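J.: predicted model and sequence below, questions to follow.
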Amino acid sequence: MKVMAEDRTRRAVCRQVSAMSCDAYEIGIRDYVEKKMMIRAWSPSKVIESVPWLKRMNLMCNDIFIKPAPGSETGIILIDDIDYDTVEQMKMDGYEPIVVVETSPKNYQAWIRLGKSVQEGVRTEAAILLAEEYGGDRNSAHALHFGRLAGFTNRKSEHTTARGQPWALLAYATDLKPNFVASSAEKLLGEAVMAHEDKERASNERMVQARASIPLPSEGYGSFAKWYKAFSSNARSPSEADWKLSVIALMNGYGIDIVRQLIMEHSTGLQDRKKGHVEDYLARTVGKAEIWVEMLASGVFVEYEKVKHKLLRLAQERAREREREGNRRQLTAE
């Protein structure tokens, strides 16, 4: 009887997903030629089930990446662009990885677990601290940065040889100990928490000062497009620009309905980005910004990371109250 060959890609994916031990993942499928990323939010079982499709996408010149899904309960971080001697040094220093992937010859990424659940902002600061300590890529030091999923080829042209593209190889995984935490995690977390709180405080202060330092157009909003374009050029994404500009506009006295109209008219690619739910996106973004501005105006230090999940609920409650008030006024008028 013929014995089927082991699917090494599937085995590598299973081991990496098991070792990372997240309740949900985002898988990035990036077209190397077009430089466009397609993202899928999947459960661990769905990732494994989708290996055949991911193989096909990889053959079609797509790189395959993985990261914990935003909002998922996790405490893992990534350090990118290190050599294996650095991996060994990290182990000796108590930052034992749960996953090590050789992304190209002699170049590695390592995932480290700091605890069961660590908020995103603190994870980002921890990733920055490790990158600085061990010479990793500072630009990859973020809680939501993608790492390569083992078992697929690296499509970057600079790594191509006569033998083809190199494989992203799973060098190490604690798949038999899925909840393993680095022995020096507590020390790093303490430093990361302080760094995060300092940055949050500074960010709040800058946002409060924005009213004076970044004045909005004073006559209606005819020149808002130019202002929006200049300000949003420094944002990491259009959604981040929408959020920050909503906050600043509300601080400058613009009403919530006007701010929604401004974002609708000037947000980059809004109709394509939020196709089918533009109104819902505007209500959520501007509604949350309104609550956040009120929190800042209270004069009490508020850490955004600790309240961001409450903002939507509070904004929805206020929207329902406004709707009820509108209905009451309509009945009174009739």
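T.: Ah, there it is. Numbering: from 1, shown residues only.
J.: list the contacts of the spatially most central residue of the chain.
T.: In the chain, the residue lying closest to the centroid (CA atoms, centre = their mean) is L144, at 3.5 Å. By CB atoms under 8 Å, 6 or more residues apart in numbering, the contact set of L144 is 67-68, 70, 120. Where you see a C-beta, it was placed from the backbone N, CA and C, and this is true even at glycine.
J.: apply 10 Å and report the result again.
T.: Applying CB atoms under 10 Å, 6 or more residues apart in numbering, we find L144 in contact with 26, 67-71, 78, 120, 123-124, 127.
J.: distance of it relative to S18?
T.: 21 Å (CB to CB, to the nearest Å).
J.: same thing with D31?
T.: 28 Å.
J.: which helix or strand contains M38?
T.: Element membership of M38, judged by DSSP states H and E, is strand 36-42.
J.: what about the contacts of L144, which are in helices?
T.: Secondary structure from DSSP state H places 120, 123-124, 127 of those in helices.
J.: from the residues you listed, pick the one nearest E279.
T.: The shortest approach to E279 among the ones in helices among the contacts of L144 belongs to E120, at 27.4 Å (CB to CB).
J.: OK, contacts around the residue nearest to the closest one when sequence neighbours are not counted?
T.: Spatial nearest neighbour of E120, chain neighbours left out: A143 (4.2 Å); criterion: CB to CB, 6 or more residues apart in numbering. Going by CB under 10 Å, 6+ apart, A143 touches 67-68, 70, 74-78, 118-127.
J.: if we can go back for a sec, can you pick the most crowded of the contacts of L144?
T.: Neighbour counts for the contacts of L144 (other CB atoms under 10 Å) peak at L78, which has 29 neighbours.
J.: show me the contacts for that one.
T.: By CB under 10 Å, 6+ apart, the contact list for L78 reads 66-68, 97, 99, 101, 109-112, 123, 127, 130-131, 136-137, 140-148.
J.: shaky segments in the stretch 101-250 of the chain?
T.: 159-162, 203-226, 230-231, 233-234 (pLDDT under 70).
J.: now do the helices in it.
T.: Ranges of helices within the stretch 101-250 of the chain are 120-134, 185-213, 224-232, 238-251, based on DSSP state H, counting those that start in this stretch.
J.: okay, those helices in JSON lines with distance to T9 next?
T.: Output for the helices of the stretch 101-250 of the chain, formatted as JSON lines (distance: least, CB to CB, whole Å):
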{"stretch": "helix 120-134", "distance to T9": "27"}
{"stretch": "helix 185-213", "distance to T9": "31"}
{"stretch": "helix 224-232", "distance to T9": "40"}
{"stretch": "helix 238-251", "distance to T9": "33"}
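J.: quick one, which of those is nearest to D257?
T.: Across these, D257 has its closest neighbour in helix 238-251 (11.3 Å, CB to CB).
J.: C-terminal to that closest one, what's the next element?
T.: Counting by DSSP H and E, what follows helix 238-251 is helix 256-266.
J.: average pLDDT for that following helix?
T.: The average pLDDT within helix 256-266 is 85.
J.: again, but for stretch 56-65
T.: Mean per-residue pLDDT for stretch 56-65: 96.
J.: give the buried residues for it.
T.: By 16 or more other CB atoms under 10 Å, the buried positions in stretch 56-65 come out as 57-58, 62-65.
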